[in-house]
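> Using only what follows, build the 3D model:
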Amino acid sequence: MGSALSTPDTAEHLVGSFVGDESIPLSSDFWQKLLELPFDAELPSQRLHQTCQLLVENNHNTRHLAKILFHLACYLQESMSTSGVPQLVYEKAVNAVYFTSVFLKHLIESAPDGDVELYLSLHDSESIPKNILRDQTIENLVMRNVLNFIASIDVSPNTYFLHLELLNFMIIAMSTQLLRGPSPGPNDVNPFLDAAMAQDSHLVTSVVCKLLLNYITRPRVPFSRASYSIFYDGSQNSVLKKVGSEAANIVLLPFSYLISSSSEGSRNPIADSSLQVLLVIIHYEKCLVSEGYSVLKNQVSTSLDSLPKENTYFSENPYCRVLVRATDCELDRVDKEGNAHSDQDQHVKLPFAPLFDTLGMCLADETAVLLLYSLLQGNSTFLEYVLVRTDLDTLLMPILEALYDARRRTANQIYILLIILLILSQDSSFNAGIHKLILPTVPWYKERLLLQSSLGSLMVIILIRTIQYNLSKLRDVYLHTTCLATLANLAPHVHRLSAYASQRLVSLFGMLSRKYNKLADLRDGKLNNAGSNSIERSSLVEDMSAELQIYTDFLRLVLEIINAILTYALPRNPEVVYEIMHKQEVFQPFKNHPCFNELVENIYTVLDFFNSRMDAQRMNGDWSVNEVLQVIIVNCRSWRADGMKMFTQLHFTYEQESHQEEFFIPYVWQLVLSRRGFEFNAGAIHLFSADLPTKKLDNTPK
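Presented below is the predicted three-dimensional model:
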């Protein structure tokens with residue numbers, strides 16, 4: 001390792017031998033000495049990057065990564081002994097996981113052109129203990145023991161740091177996904193992820209359950225200086241800190257905020273890491289070539305990643321399957337005689353009530369939002385549970401607050417939040433229930449004092465505010481459509497919409513109509529100035545007409561939302577009637593428009609009815625707002641919708657797009673990296689680009 005002399009048992013000598021070019025037998029006592037290095041062992045600072053790079057160069061010959069992983073698996077096996085496990089065993093396992101994670105990360109992010117080769121198989125000449133490895137691969141053995149420990153050993157003061165290091169190890173081992181593009185291909189190499197997918201169904205079920213329980217219970221850190229002093233003494237002399245310090249950052253990161261945080265709402269290392277691991281594994285997609293498809297016969301290039309998508313498919317993800325089939329453990333208690341469905345034992349049983357409460361508490365974090373989306377979209381049992389809760393404000397208030405502060409949210413988070421609202425709005429009982437839940441105040445809403453407003457009115461206000469934000473900033477058609485689709489689902493069930501929400505709804509139509517008219521005038525003006533150049537005229541017509549059609553669709557949808565309220569819920573919404581009367585001039589230009597005239601005709605049927613009632617009670621002087629509103633309330637009782645033209649009631653549903661993995665896999669990893677300070681080599685990341693926005697979901701509500 002250099003000119004300085006070192007004895008065989010010093011940290012420098014042991015680490016130097018590990019990364020060197022001489023292959024050390026699997027049975028050597030060297031591995032035990034290496035993995036039991038004290039945390040405060042020193043390695044000269046000049047060996048930082050050089051040490052990790054030497055392993056990259058020599059690992060293909062020495063297979064030292066495979067050997068250290070084998071011994072790591074053995075340490076974990078010892079840690080899961082049924083008899084009492086000494087604390088020293090856990091500390092040795094923490095050392096082993098931590099040390100291995102540092103070098104594994106460097107090997108992964110150093111892969112040339114994203115083609116990772118970790119050389120996880122041992123040479124034929126190697127003496128392998130058959131009673132441990134049997135017929136399985138190294139990566140399968142390691143992942144089986146890692147997952148077994150996480151699933152079967154409770155988090156306690158003795159095991160806390162080992163649990164945390166194993167979760168960190170899983171994130172690192174699964175980071176091979178970062179090396180490939182957003183569209184999974186048959187050539188992708190993800191050995192540890194594939195090994196996790198290959199585990200038996202009982203272990204998969206147990207892992208999903210334990211990760212979610214970790215997230216719910218949020219185990220507290222055992223603040224004990226007696227163990228793991230590296231986490232607290234601030235020493236910079238650790239061999240693990242100095243060997244590839246950038247790689248070590250991911251492992252030590254949890255403790256940087258863990259020590260300084262004191263509030264109850266502080267991030268929780270075990271809970272956060274458990275959720276991140278869960279999100280990665282449930283969204284993993286293994287791409288396979290369709291049976292019978294021949295690369296040679298079809299003259300496709302040798303790169304399987306170039307295969308057309310119709311000739312590939314994704315294998316079923318067992319972790320995702322378990323999550324979407326999870327049931328409420330409270331319901332399972334009803335059947336104490338074992339009369340459950342034949343496959344009930346394969347269902348993970350979760351406490352839905354504390355999961356609901358935990359999500360409500362954590363929805364300021366994007367990872368929690370993504371978990372809620374995954375549960376609502378995939379698990380019909382959990383969706384049904386949420387819909388029958390009477391305290392929907394637990395989930396909706398943090399969602400609406402996040403949308404209110406959209407400028408501080410990522411575009412992806414806004415999309416997921418809106419999709420959650422769309423999914424919930426597909427249920428009529430939800431739409432009716434949120435208007436019965438009265439909020440005394442909304443402290444985070446700054447523009448106006450909202451007192452005794454219904455949750456439904458607040459949801460309408462925030463959706464319209466999001467549309468306005470999108471018009472000025474994001475200008476995303478999909479976001480617009482999702483907001484309007486949710487409002488359309490709510491419309492027939494609106495009950496006592498507040499004055500402010502009614503005002504915002506009619507103002508939304510006015511705003512969109514101004515933009516529509518401006519676009520129409522701009523198109524006509526450019527066409528007149530285009531002269532006789534038919535090519536120029538054709539191009540202008542195509543470009544301007546496409547944008548104008550978008551606003552035509554938006555305007556029509558807003559008119560349909562207003563129509564649904566007037567047709568199905570007018571007697572319960574005098575404030576909506578008042579606002580339409582107050583701003584009736586905004587509808588006049590569209591009275592004879594072929595795209596809108598039928599919808600506007602219904603609005604004028606309402607206006608004619610209430611205007612005539614006002615004329616019949618004409619008083620001297622101006623009418624006050626309360627006087628007008630009182631006349632409306634009185635006449636709402638005699639209103640009949642007989643003169644209204646009935647339109648098909650709108651109902652929008654959300655469906656995932658066929659290639660949703662192209663959005664979710666990059667999105668999950670962006671969240672993981674941003675939450676952990678995961679300083680992965682940016683030049684090695686091909687899953688997403690820091691310079692380009694992540695591809696959005698290309699879904700249209702139906």
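> Return the list of helices and strands in contact with the lengthiest helix in the chain.
Taking DSSP state H as the criterion, the chain has its longest helix at helix 534-569. Counting contacts by 3 or more C-beta pairs under 8 Å, 6 or more residues apart in numbering; DSSP states H and E, helix 534-569 packs against helix 477-490, helix 499-529, helix 574-582, helix 597-616. C-beta here means a position set from N, CA and C on the backbone, and glycine is covered the same way.
> of all those, which lies closest to Ser290?
Closest of the helices and strands packed on helix 534-569 to Ser290 is helix 477-490, at 30.5 Å (criterion: C-beta to C-beta).
> how deep is the residue lying closest to Val586 once chain neighbours are set aside tucked in, by neighbour count?
In space, and not counting its chain neighbours, Val586 is closest to Gly510: 4.4 Å by C-beta to C-beta, 6 or more residues apart in numbering. By other C-beta atoms under 10 Å, 14 other residues sit near Gly510.
> got a pLDDT number for Gly510?
Looking at Gly510, its pLDDT stands at 94.
> Next one: it from Ile464, what distance?
According to C-beta to C-beta, to the nearest Å, Gly510 stands 12 Å off from Ile464.
> same thing with Val348?
From Val348 to Ile464 the distance is 39 Å (C-beta to C-beta).
> same check, this time on Ile565
Counting by C-beta to C-beta, the gap from Ile565 to Ile464 is 14 Å.
> can you check Glu57 too?
Spatial separation of Glu57 from Ile464 under the definition C-beta to C-beta is 60 Å.
> The two - which one has more neighbours?
More neighbours surround Ile464 than the other of Glu57 and Ile464, with 21 against 13 (other C-beta under 10 Å).
> list the contacts for that one?
With contacts defined as C-beta atoms under 8 Å, 6 or more residues apart in numbering, Ile464 is in contact with Cys483, Leu487, Ala501, Arg504, Leu505, Ser507, Leu508.
> Would you confirm that the fifth one contacts Ile561?
Yes: A contact is recorded between Leu505 and Ile561 when judged using C-beta atoms under 8 Å, the distance being 7.4 Å.
> wait, isn't Phe382 in contact with Leu372?
No: judged on C-beta under 8 Å, Phe382 makes no contact with Leu372 at a distance of 9.3 Å.
> and the helix or strand in which Phe169 is found, what other elements does it pack with?
Using DSSP states H and E, Phe169 sits within helix 160-174. Under the contact criterion of 3+ C-beta pairs under 8 Å, 6+ apart, helix 160-174 touches helix 87-109, helix 138-152, helix 191-197, helix 245-258, helix 269-282.
> what angle sits between that helix and helix 138-152?
Interaxial angle of helix 160-174 relative to helix 138-152 (axes from the mean of the first three to the mean of the last three C-alpha atoms, to 10 degrees): 140 degrees.
> Give the rounded mean pLDDT of helix 160-174.
Here the average pLDDT along helix 160-174 is 95.
> Buried members of the contacts of Ile464 into PyMOL, please.
Buried residues among those (16 or more other C-beta atoms under 10 Å), as a PyMOL selection:
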select buried, resi 483+487+501+504+505+508
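> want to try TSV for the contacts of Ile464, with distance to Val15 as columns?
Below are those laid out as TSV (distance: C-beta to C-beta, whole Å):
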residue	distance to Val15
Cys483	56
Leu487	62
Ala501	65
Arg504	64
Leu505	67
Ser507	67
Leu508	65
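> out of the contacts of Ile464, which one sits closest to His435?
Ala501 (10.3 Å).
> pretty sure that closest one is in contact with Ser457, am I right?
Yes: counting by C-beta under 8 Å, Ala501 does reach Ser457; the two are 4.1 Å apart.
> Identify, from the contacts of Ile464, the entry nearest to Gln452.
Ala501 (12.7 Å).
> In contact with the closest one, which residues?
Taking C-beta under 8 Å, 6+ apart as the test, what Ala501 contacts is Ser453, Ser457, Leu458, Val460, Ile461, Ile464, Glu575.
> repeat for Lys436
Neighbours of Lys436 in contact, by C-beta under 8 Å, 6+ apart: Ser454, His495.
> Tell me how far the closest residue to Pro666 other than its chain neighbours lies from Phe356.
Of all residues not flanking Pro666 in the chain, Phe688 sits nearest, at 4.1 Å (C-beta to C-beta, 6+ apart). Applying C-beta to C-beta, the value for Phe688 to Phe356 is 31 Å.
> per-residue confidence for the spatially most central residue of the chain?
Geometric centre of the chain, nearest residue: Leu370, 2.7 Å, by C-alpha atoms, centre = their mean. Leu370 is assigned 97 on the pLDDT scale.
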